[in-house]
Each structure stands twice: as structure tokens, then as C-alpha cells.
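Colleague: Sequence and predicted structure are below.
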Amino acid sequence: MHNYTIAELVKGLQSKQFSSVELTQHFLARISQFNDQYNAVITVTADQALQAAQLADQRLAMGSAPALCGVPLLHKDIFCTKGVRTSCGSKMLDNFIPPYNATVVENFEQAGVVMLGKTNMDEFAMGSSNETSFYGPVKNPWATDCVPGGSSGGSAAAVAGRLAPGATATDTGGSIRQPAALCGISGLKPTYGRVSRWGMIAFASSLDQAGPMARTAEDCALLLNCMASFDDKDSTCVDRDVPDYSASLNKSVKGLRIGVPKEYFSEGLHPGTEAAVKKALADLEAQGAELVEISLPNSDLSVPAYYVIAPAEASANLSRFDGVKYGYRCENPKDLQDMYCRTRSEGFGEEVQRRILIGTYCLSAGYYDAYYGKAQQVRKLIEQDFVNAFNDVDLIVGPTCPSPAFKFGSKGDDPVAMYLEDIYTIATNLAGLPGMSVPCGMVEGKPVGLQIIGNYFDEARMLNLAHQFQQVTDWHTQAPEGIS
Amino acid sequence: MIIKREEIEKLATLSRISIDEKTITDVTERLSSVLDLVDQLKTANTDSVQGISRPFQVSQRLREDKVTESNQRDKFQAIAPATDNGLFTVPKMID
């Protein structure tokens, strides 16, 4: 059952080939058997899952259940889950049990989806390797000495390792697409505002966006149908009809104009990754799409702009963790200042502290205009590059990340080496555009991701292209060694 | 760009983060490395460019001024580090 796609599971549940309880038991057993190898799941909600599965079976028996009723999923541990620990991968929230659900979680619960548990992640979603988690690193199922990517590395590894057929994730600078690429699965970051951020622990509020991870584009469409909704509780959520993302999957891609940014094929791109992506582009061309070379001239400024804007917003967002109302509090504080300082030093890990310090620096008197003001202007230039490109093309395609999964610790002590991992993904967050990654090849036994960037609210067209690509390739069906 | 040790100490105070003597050199070095990266922004010509703080740059949506949340004080206090008689408590601030 673990090799079925979500689309196949839906059919199986609706035709009574198996029950939701059987399916849930199967995936709980797999988590129990294999999670020690991957460290992908940090909280398992077995009792709650089985209860939800029983309810789903009752709804299915009545014949009027929503599409995803009875399907088991994992949630990234950044989404608040009522009565279930939500740690955000941090010691700071190791004891935090929210009394409410995030809107994303609520949407799935209403649809009868069964939550299996919560996935590991980089602390507060700050990282590209899952090495910053308080709960230890997640291992890539394709090569357990390598990282799964981050920050949604737990979700990606769980899907790749068949611990769940799909998972929720979030993307602030590439945190859905990069781990999806490194773990050989499909993942989609929607347009900013498409999915509610309410109850999703904030990292950088103008960049964060939730999206689905699954093995196929077809499954991502099914999950996005449920995740996307207007939510009055998130003031940045966009009030716009949610199309049926599954409806346009089978359209022909003939005549689609695909922009290929020349800046995404320059120095730093692994030759094996480049070859795999170019082969994928040739496959798309063979399906009738038209390739057009484009330029995104300010691409090289996206990482520097991001590392001002994201830490600046993080330093403000994370100021709420002060040991007063919830989360970690240091032992025996001698006064209020001591409580604040020690709570935050003991509760946050090194990378989170670094980003708070950088953000504070960029926002401080005397530096605000030179850093934050300048980064906002560069953000506009980057957005304009995409607006110009989309005047001429329907979609933009290139590599998701510069190289396949790397070994633990191999980026050394220099944080900048890690930051450059997101060089091709960050610009879409700055512009607020949707992007996705689908598997398109293998290098040294490790998966390569193809990134598809769409125009605003054009997720359906991205999913259409990705699905059509998956009709003529089998990269998305491949499984890590030992999974049968 | 080399950030000075005194600046790190000031940032730590502003951020309410304690940095101990053993790690301050490493923190300084790594922060300098990140600031070298972001200094690349200086190469961009942004004359007459109006910056943006979020995608679409639309004005903030307002909602009707009515109470939508029920009082959940007990639930929130149940997960607090320290409470007393319905209040969140912190170390004494004023003698």
C-alpha cells in the first residue's frame, strides 16, 4: 500500500479495496519500523490517527466523503496542531502544545484526512540541510550519509521513504522545493497568499508560504485543492477562487512557451545536475513545448537580498519567544533581563541566533537604509525581472538546486556556503511567485530536481506541465534502495 | 566586512541573546561572512526604485471590528511557564 500514490489511495478507499484504518495501521507500522533510520518524524500520533481513520471509514461508508477522506498524511512540525506538540524543530517550543489548529491542518481535518504525526525540520525553518533541528538531523533515504535538504527535510524524507503518501511543508526561500529535489519527490510552493499562514509559526512573514509534498504532481494537485483557501484570519491571504487543480492536469503542453533563464546555468551548477535538467528540457520540447532563453538579470542579488529581508523579519517575529507566556523558560532567572537573555540563548540554536543578530543589525539605527531599504529595492528589481519574463513566456524552468544531496557537515562552518544552496529558489519567494520541483534524473545515485516557476496564481499550469512530464518519464516512480 | 566585537555585544543586548566569551569570536567571524555576502547589494543600481516590503504591495485588508475569538485564557495559561491566579508571572521587576 505504501507504494500507491494518493490518487490511487483515494480510489482504493472509495472502492473499499482497503479501509482507512488498514491504511493508517500500515503507515504507522512503517514509521515504527523505519523512522529510526531517517529521523523524519518527531511526533507520532497513533491513537489520534486510528480514531480519525475510524471516523473517515464511517464517512466513506455513507458515500458522501470529501476526496481525501481517509488518506493519511504527515504535517511539518511548524503547523499548530490542537493538543499535539508543535516544536518547530526547536528546544524553545519542545513543550509547546497549541490549543488550536492551523488553518491548513483544519482544512485537512475537515476533509477527513488522517494525521499520522509531525515531521522533523530545521529549527524555525532556518536551514537547507535539516542539520539545525533540535531533534537531530534527518537522513536522506537515498543516501543516509547525506542531508535531505531543508527546512522541510522531515516531510521530504518521510514521503521518499514511504512513511506517508504525502506531507505538508513550508517554503520561505526554497524549503519545499530544495528538499523535494534532494529526496526525489514532488513539492509545490504556491503563490504568496494562496494558502493561509494562520497557525503556521512565522519565520519571515512576507516570504513564508505553505504547500504540499507528495511523490507525483497529480498528488500535489489533490493536496493543494484542500490546502488552498481564503482565510480571514490571515490578513495576507488572497481572496480569490481556488480552481480545481486536478482538472487541467491532462491538458496538452503543446505550444506552451517555457522560459529557460541563462543565469540558472552558470558557474556553480553541478555538471550532472545540468545534464539532467537539460535532458528534461529536451523531453518537454519533444512534448511540444517551446523553449525560450530568457534573462533574469538580478538573479545573483537574490541571496544577498534574502539574507537581509528574511533575518530582519525573523528578528521581529522571534522576539515573541521570551519565556513569558509559552515555550521554554530558563531555570532560576535572577531578574527579567536575565530571563529574556538566557531563555533565548538556551532555547534557540546557533543558526537561529545568528539570523536574529543579522536581522537586528540590518534594522538597527544607521544601517536600516543601507541594508533593509536597499534589499527592498533589490526585491523590486527581482520582481520586475519575473514580470518582464512572464510577458513573453508561460512558465520558467531550470534546476531546483545547484547539486544533489551533500554529506552531513560538508558545508563546513561558513554559513554562506549553506545559504548558496537556495540560489535558484529564493527569487520566487522574494517575488511571491509559485514554484515547484519534480524529479528529473539521478546523479551519483541521488535525485535531481527540475524547478518549474509559474506566474502569479498559475499553479494549475505548473501542475499541468509537471504532470505531463511525469507521463513520459519515470523518475518520480523510483524508490530508494531497500524500499519495495 | 569586519564587524567589531563591540557591535556584536550591542546586537546581543538589543536581541536579548547572551553570547558567552568562548563563542564571541566565532559569532563575530560568521556574522562578518554573512555581511560580506549581503554587501553585494551595494553593486545594484537602485536609483529611483521604490522598494517593496511584500509581494503585490497591496494595502492591508481590514476586517469588521467584532469579537471573533472566545476567551481561552485557561487553555493558554495551562501551557505557560508560570502563572498565578490568572496572571502570567515573571521575575520581580521593581523593588
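Modeller: Received it, and whenever you're ready, just let me know what you need.
Colleague: Tell me how far the nearest residue to residue B:30 once chain neighbours are set aside lies from residue A:124.
Modeller: Using CB to CB, 6 or more residues apart in numbering or on different chains and skipping residues adjacent in sequence, the residue nearest residue B:30 is residue A:415, 5.6 Å away. (Each C-beta comes from the backbone N, C-alpha and C, glycine too.) Residue A:415 sits 15 Å away from residue A:124, going by CB to CB, to the nearest Å.
Colleague: Which single residue of the stretch 51-200 of chain A ends up nearest chain B?
Modeller: Using CB to the nearest CB, the closest approach of the stretch 51-200 of chain A to chain B is made by residue A:99 at 3.9 Å.
Colleague: so which helix or strand takes in the closest residue to that residue other than its chain neighbours?
Modeller: Nearest residue to residue A:99, sequence neighbours excluded (CB to CB, 6+ apart): residue B:75, at 3.9 Å. Assigning secondary structure by DSSP states H and E places residue B:75 in helix B:73-78.
Colleague: How far off centre is that helix?
Modeller: 25 Å (CA atoms, centre = their mean, to the nearest Å).
Colleague: circling back: tell me the SS of the residue of the stretch 51-200 of chain A closest to chain B?
Modeller: Following DSSP: H, G, I helix; E, B strand; the rest coil, residue A:99 is assigned to coil.
Colleague: ok so, going back, mind listing residues that contact the helix holding residue B:75?
Modeller: Helix B:73-78 has contacts (CB atoms under 8 Å, 6 or more residues apart in numbering or on different chains) with A:99, A:325-326, B:83, B:86, B:88.
Colleague: ok, residue A:415 and residue A:124, which is more surrounded?
Modeller: Just comparing residue A:415 and residue A:124: by other CB atoms under 10 Å in any protein chain shown the higher neighbour count belongs to residue A:124, 31 against 21.
Colleague: For chain B, identify the residue most remote from the centre.
Modeller: Residue farthest from the centre of chain B, counting by CA atoms, centre = their mean, is residue B:85 at 30.2 Å.
Colleague: how close does that one get to residue A:326?
Modeller: Between residue B:85 and residue A:326 the computed distance is 18 Å (CB to CB).
Colleague: Give me the neighbour count for the closest residue to chain B within the stretch 301-450 of chain A.
Modeller: Chain B sits closest to residue A:432 of the stretch 301-450 of chain A, with a gap of 2.4 Å, by CB to the nearest CB. Neighbours of residue A:432 under the rule other CB under 10 Å: 25.
Colleague: I'd say it and residue A:190 touch.
Modeller: No - counting by CB atoms under 8 Å, residue A:432 does not reach residue A:190; the two are 9.9 Å apart.
Colleague: so what sits against both of the two?
Modeller: Counting by CB under 8 Å, 6+ apart, nothing touches both residue A:432 and residue A:190.
Colleague: Roughly how far does the residue sitting nearest the centre point of chain B sit from chain A?
Modeller: Closest residue to the average C-alpha location of chain B: residue B:15 at 6.9 Å, with CA atoms, centre = their mean. The gap separating residue B:15 from chain A is 5 Å, by CB to the nearest CB, to the nearest Å.
Colleague: wait, doesn't that residue sit right on residue A:316?
Modeller: No - between residue B:15 and residue A:316 there is no contact under CB under 8 Å: 10.9 Å.
Colleague: I'd like to know how many residues surround the residue of chain B found nearest chain A.
Modeller: Residue nearest to chain A within chain B (CB to the nearest CB): residue B:55, separated by 2.4 Å. Counted with other CB under 10 Å, the neighbours of residue B:55 add up to 23.
Colleague: For it, which non-adjacent residue is spatially closest?
Modeller: Sequence neighbours aside, residue A:432 is the residue nearest to residue B:55 in space, at 2.4 Å (criterion: CB to CB, 6+ apart).
Colleague: Let me see the ranges of the strands in the stretch 201-350 of chain A.
Modeller: A:209-214, A:257-261, A:290-294 (DSSP state E, counting those that start in this stretch).
Colleague: mean confidence score for the first one?
Modeller: The one in question is strand A:209-214. Taken as a whole, strand A:209-214 carries a mean pLDDT of 98.
Colleague: Can you tell me which helix or strand of chain A has the lowest average pLDDT?
Modeller: Across the helices and strands of chain A, mean pLDDT, DSSP states H and E gives its lowest value to helix A:415-419, namely a mean of 88.
Colleague: Buried residues, it. List them.
Modeller: By neighbour count with 16 or more other CB atoms under 10 Å in any protein chain shown, helix A:415-419 contains the buried residues A:415-416, A:418-419.
Colleague: How about stretch A:298-317?
Modeller: Buried, per 16+ other CB under 10 Å, within stretch A:298-317: A:298-299, A:301-317.
Colleague: any idea of the mean pLDDT in that stretch?
Modeller: Per-residue pLDDT values across stretch A:298-317 average out to 97.
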